[in-house]
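Enquirer: predicted model and sequence below, questions to follow.
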Amino acid sequence: MPRRPSRAVHRSLTFRKVIAAPLPFVFQWCTDYREDDDRITDDLYHYRARILLREPRRVVRVVTVPGGDPLRTTEVEVIRLAPPDRWTVQMYSATGDRVRRYRLRRIGPHRSALEMRFVETWKVARIPSRARYRRLFQRVWDRYVDGIERDYRRR
């Protein structure tokens with residue numbers, strides 16, 4: 001079992017991505033949550049998702065992420081949609097809880113900015129370094145942005 005720290009570690013991170021697609025398209029693309037969403041980032045960040053509940057403003061899913069150790073991390077995600085421009089993902093697991101807030105802003109007729117703010121509470125002693133986490137997240141979201149823009153050009 002992962003060793004628990006003497007106290008929880010809290011940190012927050014912010015990210016911003018500019019996307020060459022209009023806000024309504026980006027919102028729909030980012031919030032359609034499917035069980036095969038990992039296909040875009042499988043070689044960078046491998047996970048499997050199972051949708052437990054899908055409602056117009058809420059999605060609940062279980063995500064399993066293989067870890068670097070023999071344990072597998074399972075998270076429960078509660079996603080709250082606030083159309084047309086924001087959503088929140090609350091993630092709960094044995095290793096840590098996270099809240100991810102996403103907000104879209106229109107920056108042109110066919111351009112959007114996605115602002116992301118993550119607040120994490122880690123329950124284990126060894127957490128990913130901020131730099132490592134930031135690099136991985138940037139690479140994952142670069143893939144998502146490429147996918148959004150490619151799908152928008154195709155439509």
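Expert: Nice, I can see it. This structure is a prediction, so every number in the text was calculated from the model and none was measured.
Enquirer: where does the chain dip in pLDDT?
Expert: 1-7, 38, 41-46, 66-72 (pLDDT under 70).
Enquirer: give me that answer again for 90
Expert: Along the chain, segments meeting pLDDT under 90 span 1-10, 34-49, 63-75, 93-96, 122-130, 132-137, 139-140, 155.
Enquirer: can you give me the strands in it?
Expert: With DSSP state E applied, the chain shows strands at 9-19, 48-55, 58-66, 72-82, 86-93, 96-108, 111-122, listed in chain order.
Enquirer: what pairs with the last one, and is each one parallel or antiparallel?
Expert: On the basis of DSSP bridges, the sheet neighbours of strand 111-122 come out as strand 9-19 (antiparallel), strand 96-108 (antiparallel).
Enquirer: quick check: which of the strands of the chain is nearest to Tyr33?
Expert: Using Cβ to Cβ as the measure, strand 58-66 is the one of the strands of the chain that comes nearest Tyr33, at 4.8 Å. All C-beta spots, glycine's among them, are computed from the backbone N, C-alpha and C.
Enquirer: quick check: angle from the closest one to strand 86-93?
Expert: Going by axes from the mean of the first three to the mean of the last three Cα atoms, to 10 degrees, strand 58-66 is angled at 50 degrees with respect to strand 86-93.
Enquirer: list the buried residues of strand 58-66.
Expert: 59-61, 63, 65 (16 or more other Cβ atoms under 10 Å).
Enquirer: which helix runs longest in this structure?
Expert: helix 130-154 (DSSP state H).
Enquirer: how far off centre is it?
Expert: 11 Å (Cα atoms, centre = their mean, to the nearest Å).
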